[in-house]
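Engineer: how would this look folded up:
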Amino acid sequence: MTAKMTVPPRDEEFDALLTPQPDGRAFTPEELVACPACRRTNAPTRMQCLYCGAALPASASADDQRRPALRPLEAWEQGYNVVLLPRAEAAPELTPDTLATAARLLRHEPEQLRRIIAARTHLPLARTAVREEAALIESRLAPLDLAVEVVADEALAVEAQPPQRIRRCEFADAELIAWASAEGPAQRVAWGEIVLLVAGRISRRQIEVEERRGRRAAGEVIETREFYEDEGVLDLYTSEPAGNWRIKAASFDYTCLGAQKSLLAAENFTRLYAALRTRAGNAVCDDAYNGLRHLLQAAWPVAEQTSAGGLRRDRPGRLHTEAVTSISNETQFTRYGRLRRHFAPRPGTHT
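Structural biologist: As a prediction, this is how the structure comes out:
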């Protein structure tokens, strides 16, 4: 049996207990909610215990005061995505007051929320730790004329089923033949079974900081190095639930292009995408990620990880340590593609 891990509350969440009600009146002792697990009292605005993370009981008197915590999730956590459904073209614009009310609930800037709504496509508004928080957001947004759907991380399966890298392919009359490696077996998919193509760019940034540690120089930065790379990426989705192939521009054999093959990888990548669009006539083609990625940041921030890069001795009594910070939007791009696949737009639509 796998033990369930409890996420400790973050320091900034203690502000919720001290925050007065909108009318300026502090919560009375009768309004505070006792945690059923640790018995400590919490503000009625909370849905989870501030101290142990357990779910708090809801009461009729405090139901309209509750608000989602919307804390950033850890890399290992599975959450719930509150996805905005596109509004009709004829739908009136939200009033400034309505927009401000929704933005406060979601902890967005009103202008950022306006841009998400104006995109008129499925975009995440928030990612919550528990289903009850997502349901609360859904119920609060409905009266504001904002329809959403809650999509669990399990449905996107980003970590459980990562994309399969494809390094070479061939175009047959009825199917696409692909290889993950030179020695591996060929994989085949009929052109009609390709349902979605998602194009974008993946950026990676690595920062290395070297420090000198000793009796007289504790934590002195002596050198900083930064590396950056950016490349085109194309995700291909088939009708199979787990069918997700990934092509990266810098590590793909473009022999399949024949006489159209260029000396430049960027040109070859563009021509490959065009060739796949032409042959996979039933596929929805989405190349909007690059223009929408800034709207994904609040719900799906880019992944950032810092690790120790090693320890070495410069001379007796003096050590050098190194910290490496890696930043990448690859997981964000995968989530975007999986969300497009989840909502399965009508075949033949090109965006």
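
Engineer: Contacts only, for the spatially most central residue of the chain.
Structural biologist: The residue lying closest to the centre of the chain (Cα atoms, centre = their mean) is Trp300, at 3.1 Å. Listed by Cβ atoms under 8 Å, 6 or more residues apart in numbering, the contact partners of Trp300 are 124, 127, 331-332, 335-336. Bear in mind the C-beta positions are built from the backbone N, C-alpha and C, glycine included.

Engineer: do that again at 10 Å, thanks
Structural biologist: Contact analysis of Trp300 by Cβ atoms under 10 Å, 6 or more residues apart in numbering lists 81, 123-124, 126-127, 158, 293, 329, 331-336, 339.

Engineer: Only whichever of these are buried, select them in ChimeraX.
Structural biologist: Restricted to buried positions by 16 or more other Cβ atoms under 10 Å, the ChimeraX selection for the contacts of Trp300 reads:
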select :81,123,124,126,127,158,293,329,331,332,333,334,335,336,339
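
Engineer: Out of the contacts of Trp300, which is nearest to Ala174?
Structural biologist: Thr334 (28.9 Å; Cβ to Cβ).

Engineer: you'd agree that closest one is in a helix?
Structural biologist: Yes. Thr334 forms part of a helix when assessed by DSSP: H, G, I helix; E, B strand; the rest coil.

Engineer: any idea how far the nearest residue to it once chain neighbours are set aside lies from Pro57?
Structural biologist: Spatial nearest neighbour of Thr334, excluding adjacent residues (Cβ to Cβ, 6 or more residues apart in numbering): Val158 at 5.1 Å. Look at Val158 and Pro57: by Cβ to Cβ, to the nearest Å, they are 32 Å apart.

Engineer: Could you do Arg107 as well?
Structural biologist: For Arg107 relative to Pro57 (Cβ to Cβ), the value is 24 Å.

Engineer: now swap in His342 and tell me
Structural biologist: 32 Å.

Engineer: and the two? which has more neighbours close in?
Structural biologist: His342 (15 against 10; other Cβ atoms under 10 Å).

Engineer: Would you confirm that the more buried one contacts Val150?
Structural biologist: No. At 11.6 Å, His342 does not count as touching Val150 under the criterion of Cβ atoms under 10 Å.

Engineer: Okay, helices next: where are they in the stretch 151-300 of the chain?
Structural biologist: In the stretch 151-300 of the chain, the segments counted as helices under DSSP state H, counting those that start in this stretch are 153-156, 265-279, 289-296.

Engineer: Glu193: what's its closest spatial neighbour, skipping adjacent residues?
Structural biologist: Leaving aside its chain neighbours, Glu193 sits nearest to Ser239 (4.7 Å; criterion: Cβ to Cβ, 6+ apart).

Engineer: returning to what we had before: which residues touch the residue nearest to Thr334?
Structural biologist: Counted by Cβ under 10 Å, 6+ apart, Val158 has contacts 78, 244, 300, 330-332, 334-335, 337-339.

Engineer: Pull the number of nearby residues for Leu136.
Structural biologist: 20.

Engineer: go on, Glu31?
Structural biologist: 17.

Engineer: Please report how far it lies from Met47.
Structural biologist: Plainly put, Glu31 is 15 Å away from Met47 if you go by Cβ to Cβ.
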